[in-house]
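Undergrad: when you get a sec, could you give me coordinates for this:
(chains A, B, C and D)
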2 protein chains.
Amino acid sequence: MSEKTTIYDIAKELNISAATVSRALNNNPKISESTIKLVMDTAAKMNYKQNRLAAALRSGKSGNIGVIVPRINTNFFGSVIRGIEEELHPNKYNVIICQTHEDENREIENINTLLDAQVDGIMISITNESKKNEKIIHRVLEKNVPLIFFDRKKNIDGVSSITIDDFKAGYIATKHLIDQGCKKIAHLCGDQSLEIYENRFKGYQKALLDSAIPFDNKYVIHSKSNIEDGIAATNKLLQLTPPPDAIFSASDFAALGAIQELKAHGIQIPEDFCVVGFGNEPFTKFMELSISTIDQSPLEMGKMTAKVFLEQMNNTEDFKMEKKIVLNPILHIRKSSSRNDL
Amino acid sequence: MSEKTTIYDIAKELNISAATVSRALNNNPKISESTIKLVMDTAAKMNYKQNRLAAALRSGKSGNIGVIVPRINTNFFGSVIRGIEEELHPNKYNVIICQTHEDENREIENINTLLDAQVDGIMISITNESKKNEKIIHRVLEKNVPLIFFDRKKNIDGVSSITIDDFKAGYIATKHLIDQGCKKIAHLCGDQSLEIYENRFKGYQKALLDSAIPFDNKYVIHSKSNIEDGIAATNKLLQLTPPPDAIFSASDFAALGAIQELKAHGIQIPEDFCVVGFGNEPFTKFMELSISTIDQSPLEMGKMTAKVFLEQMNNTEDFKMEKKIVLNPILHIRKSSSRNDL
DNA sequence: TACGTTTGTGTAATCGATTGCATGATTTGA
DNA sequence: TCAAATCATGCAATCGATTACACAAACGTA
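TA: Next comes the predicted model:
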């Protein structure tokens, strides 16, 4: 009834050996055309489905790859995963997803789980730069399991990564604000132990420097990626003398909080104050006062990550391949920073 | 060097049989305490990691479950998957994700892929009600692979499902508009071959009926879940005589399009026109003119789905279990429909 | 002392597909 | 006509963990 047919069933049916069936199903050139056809037809007739677990055990390839992200229900990570899945699907790989919730212990646990499950590769956006997970990363490499970083990476020799140019992103966002005539530009920065936020910050500083605007540390406020932190940070900034006249936020959510607070203070945007966010979250476009922001091309990032993985898998040469791909950030200029009526 | 240790390596090291090692690692009560301790310690020392593929092949349980959704980079599906993952993770299941892009052939292919991969269960939000995928669903059931529907289901005996009460959602949304004094309420409905949209529509009709408001089919416009369709539909509606004074949209995105178009026509919201959307997309809350909408508790839905799956897995009794869980929709009243200054 | 239990381990089969090596059949060439 | 080459297929081991069954040792009881 619901019993699954194996190659042995087919073999018995045709009075041949299971080995021949296996080879026929894999189009092995050693097998005669007629036998191949016969086996194929019988397999179809008997509704044969390969048990990939068995093949996986034998070959050591599970056909699964693991993707580790802080969380999946955000536009950014959801889109990256979508890109990865769409690229790997035609290549017969399944995508297993894990969440870390920014917890490095969880990250280590996830990596171990994926290794136990014999995944053929791991794609990860790490939680932070702590040394704690350095060890496990090396364990992965020792096992020769392809590892690829996307967005949040570590600098480890021999490991490929797909990121965006966060420095440039910070630079063009800040430069844009300067071009709008802003003189005192504040920055809501993220966790500086993460390279991405560090680079956005550096880009911001460099843009100021290039325009001969003095950098002032009091205009830099650390805030997490949420509305509340954006509000709190803006409150602090408005109490300074002089207060800033623009904000480059490393997060769209913090930017949104900033805008809400600025409005609450009766400040006109963009006339009196400009804001640029980061991430191109869907809502930034939909608001009546649409928010200028940096697009990270997450779908593209996911596809690239998958492509690099496939390339490494197909690399039969006897050398390690390391590819560092840096995507170009795209500034979307919207109302929150458009003084020139674009 | 990077060779993985197996139970045979441990067995050889301790001069015992692999069977004993296996039993010890699984805390089999037949094995003496001292041996268990010895094996455990040696396993740790030799950095042993179970090869789950081998265990999976033997036991027929892969430890993976498949989740099929139209796409993952939306707030709704992303959140459902998050809920599923969080609930299954502690139970040592991995989550494999597949996307259908609303294509039923892709759906069938995904199910086959998951079956081939020997997943221990499938959770799916189907693309539509066509008969085409009926057959494959039954194939899954015949194979005794637990199958659970979430959000978009089919009515099939013996299959559990977790949904929200779309009828009630349509009802309370419409009733709310009526309570705001709206008399001519239009409905932007979705694909009526999907039960969810059909029920929202029915709830809308029932609310009208209960308030003795005549149902008028010309106020019902079919539109997909995107801004453009919302704009187009609203345009059509505004050309009617008399035009409606409210819209209940089965999608937040269409509602957003509607609002944009209403504004373009200089119509005051909520004074002259009220709008209620569906889905509680993040942007609905963030807009200056925040959008009233129905929350579907996607995280909760995901967790419930996983719980029902676990319950079925742990059900050792000799009977089939069918559980139909219907979550309560929550109306979030926001500015787009608040005439009473809430 | 003799026999039935209990306890702890080992042997070997099993899950299903793959593959190196062996073998028998057929063809080629001299 | 026979050796060599080619071709198609079978045998059996393998991947690593699990488990039914067998069995020896230790223990208890009459």
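Undergrad: buried set for the least confident helix or strand in chain A by mean pLDDT?
TA: For chain A, the helix or strand with the lowest mean confidence is helix A:134-142, at a mean of 87 (criterion: mean pLDDT, DSSP states H and E). Across helix A:134-142, burial judged by 16 or more other CB atoms under 10 Å in any protein chain shown covers A:136-137, A:139-141. To be clear about C-beta, it is placed using only N, CA and C from the backbone, and glycine gets the same treatment.
Undergrad: and stretch A:86-102, by the same measure?
TA: Buried residues in stretch A:86-102, counting neighbours by 16+ other CB under 10 Å, are found at A:86-89, A:93-100.
Undergrad: ok, now how distant is the closest residue in space to A:Glu134 that isn't next to it in sequence from A:Lys303?
TA: Nearest residue to A:Glu134 in three dimensions, chain neighbours excluded: A:Lys154, at 7.4 Å (CB to CB, 6 or more residues apart in numbering or on different chains). Spatial separation of A:Lys154 from A:Lys303 under the definition CB to CB, to the nearest Å is 22 Å.
Undergrad: same check, this time on A:Ser125
TA: With distances defined as CB to CB, the gap from A:Ser125 to A:Lys303 amounts to 15 Å.
Undergrad: right, and A:Tyr204 touches A:Lys175 too?
TA: No. Distance between A:Tyr204 and A:Lys175: 9.5 Å, which falls outside the contact criterion (CB atoms under 8 Å).
Undergrad: looking at those two now, which is surrounded by more residues?
TA: Here A:Tyr204 and A:Lys175 are set side by side on neighbour count (other CB atoms under 10 Å in any protein chain shown), and the busier one is A:Tyr204, at 27 against 20.
Undergrad: now name the helix or strand holding that one.
TA: Per DSSP states H and E: A:Tyr204 is located in helix A:195-210.
Undergrad: pull out the buried residues from that helix.
TA: Of the residues in helix A:195-210, those scored as buried under the neighbour-count criterion (16+ other CB under 10 Å) are A:195-201, A:203-208.
Undergrad: ranges for the strands of the stretch 201-342 of chain A?
TA: Using DSSP state E, counting those that start in this stretch, the strands assigned to the stretch 201-342 of chain A run over residues A:220-222, A:246-249, A:274-276, A:293-295, A:324-327, A:330-332.
Undergrad: the second one - contacts with which helices or strands?
TA: Packing contacts for strand A:246-249, counted by 3 or more CB pairs under 8 Å, 6 or more residues apart in numbering or on different chains; DSSP states H and E, involve helix A:166-179, strand A:185-189, helix A:227-238, helix A:252-264, strand A:274-276.
Undergrad: quick check: domain ranges of chain A?
TA: What automatic domain parsing lists as the domains of chain A is A:7-50, A:62-164+A:298-327, A:166-296+A:331-337.
Undergrad: a markdown table for those domains, including distance to B:Gly170?
TA: Formatted as a markdown table, the entries for the domains of chain A read as follows, by distance: least, CB to CB, whole Å:
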| stretch | distance to B:Gly170 |
| --- | --- |
| domain A:7-50 | 41 |
| domain A:62-164+A:298-327 | 25 |
| domain A:166-296+A:331-337 | 24 |
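Undergrad: so which of these gets nearest B:Lys4?
TA: When those are ranked by distance to B:Lys4, counting by CB to CB, first place goes to domain A:62-164+A:298-327 at 7.5 Å.
Undergrad: distance between the ends of that closest one?
TA: With CA to CA, to the nearest Å as the measure, the first residue of domain A:62-164+A:298-327 is 30 Å from its last.
Undergrad: can you check stretch A:121-136 too?
TA: End-to-end distance for stretch A:121-136: 14 Å, by CA to CA.
Undergrad: how about the residues of the stretch 201-342 of chain A near chain B?
TA: Taking CB under 8 Å from any CB of the partner chain as the criterion, the neighbours of chain B within the stretch 201-342 of chain A are A:256, A:281-283, A:286-289, A:298-299.
Undergrad: and the residue of the stretch 201-342 of chain A nearest DNA strand D?
TA: Scanning the stretch 201-342 of chain A for the residue nearest DNA strand D gives A:Met313, at 19.5 Å (criterion: CB to the nearest atom of the strand).
Undergrad: contacts only, for that residue.
TA: A:120-121, A:146 (CB atoms under 8 Å, 6 or more residues apart in numbering or on different chains).
Undergrad: same deal with A:Gly279?
TA: Contacts here follow CB under 8 Å, 6+ apart; on that basis A:Gly279 touches A:75-76, A:251-252, A:293-296.
Undergrad: got a list of what A:Glu300 touches?
TA: Contact analysis of A:Glu300 by CB under 8 Å, 6+ apart lists A:83, A:327.
Undergrad: for B:Cys98, see how far away it is.
TA: Here the criterion is CB to CB. By it, A:Glu300 lies 21 Å from B:Cys98.
Undergrad: what's the closest of the buried residues of stretch A:86-102 to B:Gly66?
TA: Closest to B:Gly66 out of the buried residues of stretch A:86-102 is A:Asn94 (8.0 Å), distances taken as CB to CB.
Undergrad: quick check: bridge partners of the closest one?
TA: When bridges are called by DSSP bridges, A:Asn94 pairs up with A:Asn64.
Undergrad: that one contacts B:Ile96, correct?
TA: Yes. The pair formed by A:Asn94 and B:Ile96 meets the contact definition of CB under 8 Å, at 4.8 Å.
Undergrad: joint contacts of these two?
TA: Taking CB under 8 Å, 6+ apart as the contact criterion, the common neighbours of A:Asn94 and B:Ile96 are A:64, B:64, B:114, B:117.
Undergrad: show me which pair in these is furthest apart.
TA: A:Asn64 and B:Leu114 (11.4 Å).
Undergrad: ok, which of the helices and strands packed on strand A:246-249 comes nearest B:Ile68?
TA: That would be helix A:252-264 among these, by CB to CB, at 29.8 Å.
Undergrad: in the stretch 1-150 of chain A, mark out all the helices, start to finish.
TA: A:7-14, A:18-25, A:33-45, A:52-59, A:75-88, A:104-116, A:134-142 (DSSP state H, counting those that start in this stretch).
Undergrad: could you dump the ones you listed to CSV with distance to DNA strand D?
TA: Shown next, in CSV, are the helices of the stretch 1-150 of chain A (distance: least, CB to the nearest atom of the strand, whole Å):
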stretch, distance to DNA strand D
helix A:7-14, 7
helix A:18-25, 3
helix A:33-45, 4
helix A:52-59, 4
helix A:75-88, 24
helix A:104-116, 9
helix A:134-142, 16
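Undergrad: closest to B:Pro70 out of these?
TA: helix A:75-88 (10.9 Å).
Undergrad: so which bits of the closest one are buried?
TA: Neighbour-count burial for helix A:75-88, with 16+ other CB under 10 Å as criterion, is recorded at A:75-88.
Undergrad: what angle do it and helix A:252-264 make?
TA: Using axes from the mean of the first three to the mean of the last three CA atoms, to 10 degrees, one finds that helix A:75-88 and helix A:252-264 are set 150 degrees apart in direction.
Undergrad: other SSEs contacting helix A:75-88?
TA: Using 3+ CB pairs under 8 Å, 6+ apart, helix A:75-88 is in contact with strand A:64-69, strand A:94-99, helix A:298-314, strand B:94-99.
Undergrad: present these as TSV; the columns should include mean pLDDT.
TA: Listed next are the helices and strands packed on helix A:75-88 as TSV, based on pLDDT from 0 to 100:
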stretch	mean pLDDT
strand A:64-69	98
strand A:94-99	97
helix A:298-314	95
strand B:94-99	97
